[in-house]
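Participant: For reference, the sequence and a predicted model appear below.
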Amino acid sequence: MKQILIVAPAWVGDAIMAQPLYAELQRRHPGVAIDVLAPAWTRPVHARMPEIREAIDNPFGHGELALKKRWAIGRMLKARGYDQAILLPNSLKSALVPAFAGIPVRTGWLGESRYGLLNDWRKLDKDRYPKMVERFVALAVADGAPLPAGRHYPQLKIDPVARAATLARLGLDTASPIVACCPGAEYGPAKRWPARHFAEFARHRMARGEQVWLFGSAKDAEIAGEIETLAPGVINLASRTSLAEAIDLMSLAAVAVCNDSGLMHVAAALNVPLAAVYGSSSPGFTPPLTDHAEIVSLQLSCSPCFARTCPLEHMNCLNQLDAARVDAAVERLRPRPGQTDAC
């Protein structure tokens, strides 16, 4: 049985976009065992990918070298007898553990001049592979080979039993349509649609008889609390669910509104109709990978700047993007009478 170790990305959204690679590896190597070396906080998304045999915690923080610890993990993994390692991050440090483990084939983009650490290195052509998901899937095939045909859309599985338990624990009702709102963005405030706009949008949807659930981690509690104050009646789940629980609950949504964030990619991978709000970032590299998404952006001359905070100190790309524009996108996503989903 072929065994492959994946050194997976640290960001939740990037980890989700790697799932098409795992599906392609399974298609090419029936019976393959795929393990991922990844930060512990991404474990819930890997648990929802049936292609993954085991998630192994990667304990290293951003920029941490810790050579002795990497050597120790490499020697532990050597005993597993992996046939290949595929490295998705481009950093030199990410290549150390597979090299220390003596994995015979170590595949990845050259990145930070990783000659020697990789023995199946590829030189990235950004024009050929403009999207992150394409760069991941390309590592499943021989260097220079064409990408596999088809749409490379991530898919996450849900746990219906766990979902029912979470609904009961939180006292949630699914009788009326659910609008999922994800106001956070780990990267920084230049990717967060303002709370006042989220609140106005939520009031519009609740006036139509829909319920609005706010999703996010403890880091998003402040903006979610502000929305809750401005839009009484929303159900604030930020910091009240684990990531695994949020995945299950979001699958119940009729539509989602998300910033460019990990939860945006969760919604896309669940095939939930999605209005994706872009400010400082661009959908060109990491778009929501689904046929049921509307990109909402003002496309100002100053964006995308890819900054964490607005360098011009006005954040017009999001401040001027009003609730009516997002509301219109949501209406376009909702099924029309007699319309059916071909999927």
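Facilitator: That came through fine. Numbers count the residues shown, from 1 in each chain.

Participant: For L170, give its distance to G279.
Facilitator: Note on L170: its distance to G279, by C-beta to C-beta, to the nearest Å, is 30 Å. Quick note: C-beta positions are derived from backbone N, CA and C, even for glycine.

Participant: In terms of neighbours, single out the busier of the two.
Facilitator: It is G279, of L170 and G279, that has more neighbours when counted by other C-beta atoms under 10 Å, with 30 against 14.

Participant: if I look at that one, how far off is V296?
Facilitator: For G279, the distance to V296 - C-beta to C-beta - is 10 Å.

Participant: Can you work out which residues contact both of those two?
Facilitator: Here G279 and V296 have L321 as joint contacts, going by C-beta atoms under 8 Å, 6 or more residues apart in numbering.

Participant: Assign a three-state SS to the most centrally placed residue in the chain, would you?
Facilitator: Central residue check for the chain by C-alpha atoms, centre = their mean: the C-alpha nearest the mean position is that of G13, 1.8 Å away. Using DSSP: H, G, I helix; E, B strand; the rest coil, the three-state assignment for G13 comes out as helix.

Participant: isn't it right next to M264, touching?
Facilitator: Yes - counting by C-beta atoms under 8 Å, G13 touches M264, with 6.9 Å between them.

Participant: What are the contacting residues of the lowest-mean-pLDDT helix or strand in the chain?
Facilitator: Every helix and strand of the chain was ranked by mean pLDDT, DSSP states H and E. The lowest is helix 316-319, at a mean of 94. Helix 316-319 is contacted from outside by 190, 192-194, 197, 277-280, 297-298, 300, 302-303, 310, using C-beta under 8 Å, 6+ apart.

Participant: could you flag which of those residues are buried?
Facilitator: Taking 16 or more other C-beta atoms under 10 Å as the criterion, what is buried in the contacts of helix 316-319 is 190, 192-194, 197, 277-280, 297-298, 303, 310.

Participant: Point out where the protein drops to low pLDDT.
Facilitator: Applying pLDDT under 70 to the chain picks out residues 336-343.

Participant: what does the domain assignment say about it?
Facilitator: Domains of the chain are assigned by automatic domain parsing as 3-140, 160-333.

Participant: gap between the two ends of the shortest one?
Facilitator: For domain 3-140, the first-to-last residue distance is 13 Å (C-alpha to C-alpha, to the nearest Å).

Participant: do the same with stretch 43-55
Facilitator: 6 Å.

Participant: Give me the contact list for that stretch.
Facilitator: Residues from elsewhere that reach stretch 43-55, judged by C-beta under 8 Å, 6+ apart: 8, 12, 15-16, 19, 22-23, 25-26, 33-36, 38, 42, 57, 156-159, 242-244, 247, 266.

Participant: Would you mind pulling the contact partners of stretch 73-88?
Facilitator: Applying C-beta under 8 Å, 6+ apart, the contact partners of stretch 73-88 are 2-9, 14, 18, 21, 35, 37, 56, 59, 94-109, 118, 136, 139-140.

Participant: and the residues you listed, which of them are in helices?
Facilitator: Counting by DSSP state H, those place D14, L21, L96, V97, P98, A99, F100, F136 in helices.

Participant: Look up the closest residue to the first one, ignoring the ones flanking it.
Facilitator: This means D14. Excluding its sequence neighbours, the residue lying closest to D14 (C-beta to C-beta, 6 or more residues apart in numbering) is M132, at 6.7 Å.

Participant: you'd agree that neighbour is up against G13?
Facilitator: No - using C-beta under 8 Å, M132 is not in contact with G13, being 9.1 Å away.

Participant: what's the overlap in contacts for those two?
Facilitator: Common contacts of M132 and G13, defined by C-beta under 8 Å, 6+ apart, comprise T286.

Participant: buried residues in stretch 147-156?
Facilitator: Within stretch 147-156, the residues that qualify as buried are H152, Y153, P154, Q155, L156, counting by 16+ other C-beta under 10 Å.

Participant: residues touching the third one, list them.
Facilitator: For P154, the contact set (C-beta under 8 Å, 6+ apart) comprises I16, M17, A18, Q19, P20, V133, H265, A268, A269, L289.

Participant: Recalculate using a threshold of 10 Å.
Facilitator: By C-beta atoms under 10 Å, 6 or more residues apart in numbering, P154 lies in contact with 13, 15-23, 45, 49, 133, 136, 265-266, 268-270, 288-290.
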